[in-house]
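Engineer: here's a sequence, model it:
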Amino acid sequence: MNRFRASKFRHTAARLPRREAWIGDVRAGSVASCGNHVKASCRWIAFNADSAGVLGIVPLERRDGDKRTMSQLCCHSDVVTDFDFSPFDQLLLATGSADETVKVWRLPESGQDMPPGAGLTLGPVGCPVDVLQFHPTADGVLASGAGKRATVWDVGRQQSLTDLDSHGDQLQSLSWKQDGRLLGTSCKDKKLRIFDPRASPAASQSVQGHENNKDSRLVWLGASDYLISAGCSQMREREVKLWDTRKFSSATHCLTLDTSPGAAIPLYDADTGLLVLAGKGENLLWCFEASPSQPALSQVSQCLTEGRTRGLALVPKLALDVMACEVLRVLQLTDAFVVPVSYAVPRKSVQEFHEDLFPDCAGTVPAAAAQAWWAGDSRQVEKVSLHPARRPTEAFTSPLVPCAQRADDTAPGTQLPDTCPADADRSEGSGYSSPSSSLASPGSAATSLSASTGPSSGFASSPSQKSLQSILGPSSRFRHAQGTVLHRDSHITNLKGLSLTTPGECDGFCANHQRVALPLLSAGGQIAVLELSKPGRLPDTAVPTIQNGTAVADLSWDPFDARRLAVAGEDAKIQLWRIPEGGLRDTLQEPEAVLRGHTEKIYSVRFHPVAADILVSSSYDMTVRIWELGAGQEVLCLRGHTDQIFSLAWSPDGKKLATVSKDGKLRLYDPRRSPEPEQEGPGPEGSRGARLVWVCGGDYLLVSGFDSRSERRILLYQARDLPAGPLAVLGIDVAPSTLLPFYDEDTGVVFLTGKGDTRVFLYEVTPEPPHFLECNSFTSSDPHKGFLFLRKTECSVREVEFARALRLGQSALEPVAFRVPRVKKEYFQDDIYPPTRVWWEPALGASAWLAGADGQQRHISLRPADMTPVTEAPKEAPARKFVPAAVYLAEKSDEQKKEELLSAMVAKLGNRDDPLPQDSFEGVDEDEWAKYLAQIILVGAQVVGRAFARALRQEFAASRAAADARGRSERPQSAAASRITGISLQEAQQILNVSNLNAEEIQKNYDHLFKVNDKSVGGSFYLQSKVVRAKERLDEEIRIQAQSEKEKGWKAET
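Structural biologist: The predicted structure follows:
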């Protein structure tokens, strides 16, 4: 063989389509995973959306020229890390997620709703799923990588066939050989491994791959013994290596690309030998030829794209336009588009099938079932021709997920209807006018709100659903909330010596509606107490402080006594301080009371939300103690913790107490019944810190913490079933500080931020899936050391302010208002302001609560006396969107409108026959000349305006004359039609932008122009009337021409 034989693909060129051919309305997510973020079958395109656990679904091809309909599939409770289409069943999609599960979905035929639930669920596997891929020859075999372990699944039986030996570090990619015998993996430990899963779970071969542990990828060169890896060298240079598995000790060929930081995504087509490479975050596509018969990498082309790559995918061969010599099509996922990039070989004849460019490819009928393959069946998939006339017409349907299956809880053998309508009305009554989608339970299939057990787990959209929210998913009433730092006049500035060493369990400072307490860095545990009613710059001299005597571990104001402050110290004591009326004027050295009982440093202190004089504290001695402040003694001691207690929280009714600790457990106590926890459940995985807060009326617990990869996340638990695990998990970001949650029970909005952050996240929490509805976040210019919220009465309801916070910066304390933009601000927004609970007034005393009594606090309305509720506002008549054409036809003529317009302009400019002011300038005093100069300037403007009006009249007259001239040049009947309609044929064609009298084209342009000139979108009735008259004129001309042709036919017959 001649090693210098020219390749028939050497001139392959990438063709970027016109922008009209791009797939728009895409909101791609920025998911940090090893997946390609976009995949395609012959029917659908799937991509990572910007919401956690959601995939965007769009048809691969347009149907009858219609615009593609974008849909969303809510499939997991955490981010979707990877997904793959079956090579046989074009509607079968497998998804893997950080919620530790793999799910298999059957997508609908085009024009139908998305599935409401997963067909099958595999797992949980014990750690986040990173990568997955279907088997290339057997139906129902799927390989997945999670953490350090790769698993081969029998999807139909929902069980593992084998767990391959553990890798040295996190798995980064896996790839089946095209004949289905071997599986290759790349790992963060820099090694490439080859497995024969049916022979042994141990790797048959391994080799040191790339010297850098950054994201590496591995792909087989078809059914050959060669494979390609993409990674980074020790010098962080991106490189591509070609490996021969028969000589696996070193790479056969190595090609260095560049030093860009983005991970390289390789895509290989076995039929052409073309390899496409793209780096994440870049706009360059490389194309190489990598042929097994000639083991080398030769560059074919480079393509510069407009958008930066977020993901990359190959379109199946059976979906290519072979008659246009398209040998490859790549889908590039950008921030807002999916761009199809076509690779074609230039040929003189592009209207015939070129056998040399398109050899037979693998078909869509599997060679074996999962159990047959596992038993040793290695038959290969039959090849099919790509010739349009010889292609197979019947599509294979996998029995893994029946076509009509709705969810996992369907009983085996149950006959289901052919159609499965989405549960579109499920959210009615909950405050959201959109179909419900779900974030599934990562822990248990028995959870009633889990995606795998009910129809609320998936969100479907179809062209028949007219609501925008039915396409975009559920949305919050507070999604447009805006956080604003109030005017500087309300700030307290020149703060000096603030403590930066408060423990992570402390909020950093505490505040009530009157004053704020700030721990200082100076020795002796000093605390500054500042009055919020006295904003401004603090003096440079020292301010009066509380001398706590030891370093402050946590502090809290009594919600029922604005003058009492509880301070926990590192000396295992709790000191109660009373602030004098009017604020702190002198240094306080003696506390009101001291509570002793803990044997080690105290973590946190919290007052009871309902009963007065009840305080709870947690300590390094692994106990939680409840104190009765009237007697100054401990009354209850809760046990059961085995490690540090991160956070504790009372339920809103004060009956229960929840804790989260470093041992990874969430505990729920009924303190008056037992010192032992009544429930225990799994908490966040990470041991760096956690917080919890009660939400949704005290029926749920929201916990913020970290996962095993140090990503901050929030978890939602059902309080009555903690052992079942979280209902929903949402990843936030990667940052070192623990998220501090604040929940507003009136609106259902939770605010999340950490000490040292610059951003406050807002989510509306709902009992219905998807549980977390994202809202606008608030961003500050510099990091804050603390962020606390004040009571509801501090909000300005006239400005639709639903939350007021205090932000502690480097040297200032700033109030932050969170508002909702509303049109009718003059009305009281009673949908945002329900009666609020007066949590600053106790419902009962300490002795009554300890005796077993429970109380409820009263509620008050925030509505000012002079404001009317928006629900009682007068109803406005809805504007009519579509007005019959007869309305426009009955309006005034164009000439009448022109005259009225000119008359109105002249009336504003003044009458030209009126005497000018300068005619009466005789005898004017010199001191009045300034006034007349201004009049002269005004007169000049009037003169110019009159000249403009005359020019406008002349222009209209010339236009009318030209129209008459054009009318005289037309045929008699056509000219008569022009005079009747007031518009010439040529002018009508120009208005509707048509060159030929094609009725279909005229109607299409008319519909478009009439719509875009609607008054509701910035148009006018005048422009719409012109479009109507142009359409009438062209219709009349078509009628005249048809009549003329008919008359000519009669004359010919006679």
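
Engineer: roughly how far does residue 612 sit from residue 568?
Structural biologist: To residue 568, residue 612 is 20 Å away according to C-beta to C-beta, to the nearest Å. The C-beta positions use only the backbone N, C-alpha and C, and glycine is treated the same way.

Engineer: out of the two, which sits in the more crowded spot?
Structural biologist: Between residue 612 and residue 568, counted using other C-beta atoms under 10 Å, residue 568 has the larger neighbour count: 30 against 21.

Engineer: host element of the more buried one?
Structural biologist: Assigned by DSSP states H and E, residue 568 falls within strand 561-569.

Engineer: adjacent strands (with direction) for that strand?
Structural biologist: strand 552-558 (antiparallel), strand 573-578 (antiparallel) (DSSP bridges).

Engineer: most packed of those strands?
Structural biologist: Among the strands paired with strand 561-569, strand 552-558 has the highest mean neighbour count (mean count of other C-beta atoms under 10 Å), at a mean of 24.

Engineer: so what's residue 211 closest to, chain neighbours aside?
Structural biologist: In space, and not counting its chain neighbours, residue 211 is closest to residue 234: 3.9 Å by C-beta to C-beta, 6 or more residues apart in numbering.

Engineer: is it true that the one you found touches residue 214?
Structural biologist: No. Assessed by C-beta atoms under 8 Å, residue 234 is found out of contact with residue 214, at 10.9 Å.

Engineer: more crowded one of these two?
Structural biologist: The residue with more neighbours, out of residue 234 and residue 214, is residue 214; 17 against 9, by other C-beta under 10 Å.

Engineer: tell me who's in contact with the more buried one.
Structural biologist: Residues near residue 214 by C-beta atoms under 8 Å, 6 or more residues apart in numbering: 231-232, 236, 263.

Engineer: try 10 Å
Structural biologist: Neighbouring residues of residue 214 by C-beta atoms under 10 Å, 6 or more residues apart in numbering: 172, 188, 190, 231-233, 236, 238, 261-264.

Engineer: before we move on, what about residue 89?
Structural biologist: The neighbours of residue 89, taking C-beta under 10 Å, 6+ apart as the test, are 41, 43, 106-107, 134, 139-140, 364, 366, 395-401.

Engineer: verify the contact between residue 34 and residue 171 for me.
Structural biologist: Yes. Counting by C-beta atoms under 10 Å, residue 34 does reach residue 171; the two are 7.8 Å apart.

Engineer: now for these two: what residues contact both?
Structural biologist: With C-beta under 10 Å, 6+ apart, residue 34 and residue 171 have common neighbours 130-131, 145, 186, 188.

Engineer: in CSV, list these along with pLDDT, secondary structure and neighbour count.
Structural biologist: Shown next, in CSV, are the shared contacts of residue 34 and residue 171 (pLDDT from 0 to 100; DSSP: H, G, I helix; E, B strand; the rest coil; neighbours: other C-beta atoms under 10 Å):
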residue, pLDDT, secondary structure, neighbour count
130, 91, strand, 22
131, 93, strand, 25
145, 93, strand, 28
186, 93, strand, 29
188, 90, coil, 17
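
Engineer: any chance of these in CSV, with distance to residue 496 too?
Structural biologist: Output for the shared contacts of residue 34 and residue 171, formatted as CSV (distance: C-beta to C-beta, whole Å):
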residue, distance to residue 496
130, 49
131, 53
145, 53
186, 54
188, 47
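
Engineer: residue 135 versus residue 163, what's the distance?
Structural biologist: From residue 163 to residue 135 the distance is 16 Å (C-beta to C-beta).

Engineer: more crowded one of those two?
Structural biologist: Just comparing residue 163 and residue 135: by other C-beta under 10 Å the higher neighbour count belongs to residue 135, 25 against 13.

Engineer: so what sits opposite the closest residue in space to that one that isn't next to it in sequence in the bridge?
Structural biologist: Spatially, and ignoring its direct neighbours in sequence, residue 135 is nearest to residue 141 (3.6 Å; C-beta to C-beta, 6+ apart). Beta-bridge partners recorded for residue 141 (DSSP bridges): residue 154.

Engineer: residue 141 contacts residue 132, doesn't it?
Structural biologist: No. The criterion here is C-beta under 10 Å, and residue 141 misses it with residue 132 at 11.4 Å.

Engineer: now the common contact residues for these two.
Structural biologist: Common neighbours of residue 141 and residue 132 are listed as residue 153 (criterion: C-beta under 10 Å, 6+ apart).

Engineer: what's the local residue count around residue 748?
Structural biologist: Residues near residue 748, counting by other C-beta under 10 Å, number 20.

Engineer: quick check: phi and psi at it.
Structural biologist: Torsion angles at residue 748 (phi, psi; degrees, to the nearest 10) stand at phi 80, psi 20.

Engineer: so what's it up against?
Structural biologist: Applying C-beta under 10 Å, 6+ apart, we find residue 748 in contact with 431, 476-478, 695-697, 763-767, 773.

Engineer: now distance to residue 249 and secondary structure too, for those, in TSV please.
Structural biologist: Shown next, in TSV, are the contacts of residue 748 (distance: C-beta to C-beta, whole Å; DSSP: H, G, I helix; E, B strand; the rest coil):
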residue	distance to residue 249	secondary structure
431	64	coil
476	58	coil
477	63	coil
478	61	coil
695	58	strand
696	60	helix
697	65	helix
763	53	strand
764	58	strand
765	56	strand
766	57	coil
767	59	coil
773	55	strand
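
Engineer: now the residues you listed: which count as buried?
Structural biologist: 476-478, 695-696, 763-767, 773 (16 or more other C-beta atoms under 10 Å).

Engineer: would you turn these into JSON lines with pLDDT and distance to residue 870?
Structural biologist: Listed next are the buried ones among the contacts of residue 748 as JSON lines, based on pLDDT from 0 to 100; distance: C-beta to C-beta, whole Å:
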{"residue": "476", "pLDDT": "87", "distance to residue 870": "18"}
{"residue": "477", "pLDDT": "88", "distance to residue 870": "13"}
{"residue": "478", "pLDDT": "91", "distance to residue 870": "16"}
{"residue": "695", "pLDDT": "96", "distance to residue 870": "26"}
{"residue": "696", "pLDDT": "94", "distance to residue 870": "25"}
{"residue": "763", "pLDDT": "95", "distance to residue 870": "25"}
{"residue": "764", "pLDDT": "95", "distance to residue 870": "19"}
{"residue": "765", "pLDDT": "95", "distance to residue 870": "24"}
{"residue": "766", "pLDDT": "94", "distance to residue 870": "22"}
{"residue": "767", "pLDDT": "92", "distance to residue 870": "25"}
{"residue": "773", "pLDDT": "92", "distance to residue 870": "22"}
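
Engineer: out of those, flag the one nearest to residue 382.
Structural biologist: Distance to residue 382 across the buried ones among the contacts of residue 748 (C-beta to C-beta) is lowest for residue 773, with 49.0 Å.

Engineer: any idea how far residue 817 is from the nearest residue to the closest one once chain neighbours are set aside?
Structural biologist: Nearest non-adjacent residue to residue 773, counting by C-beta to C-beta, 6+ apart: residue 476, 3.8 Å away. The gap separating residue 476 from residue 817 is 18 Å, by C-beta to C-beta.

Engineer: same deal with residue 833?
Structural biologist: Distance from residue 833 to residue 817, by C-beta to C-beta: 15 Å.

Engineer: next: residue 836.
Structural biologist: As judged by C-beta to C-beta, residue 836 and residue 817 stand 17 Å apart.
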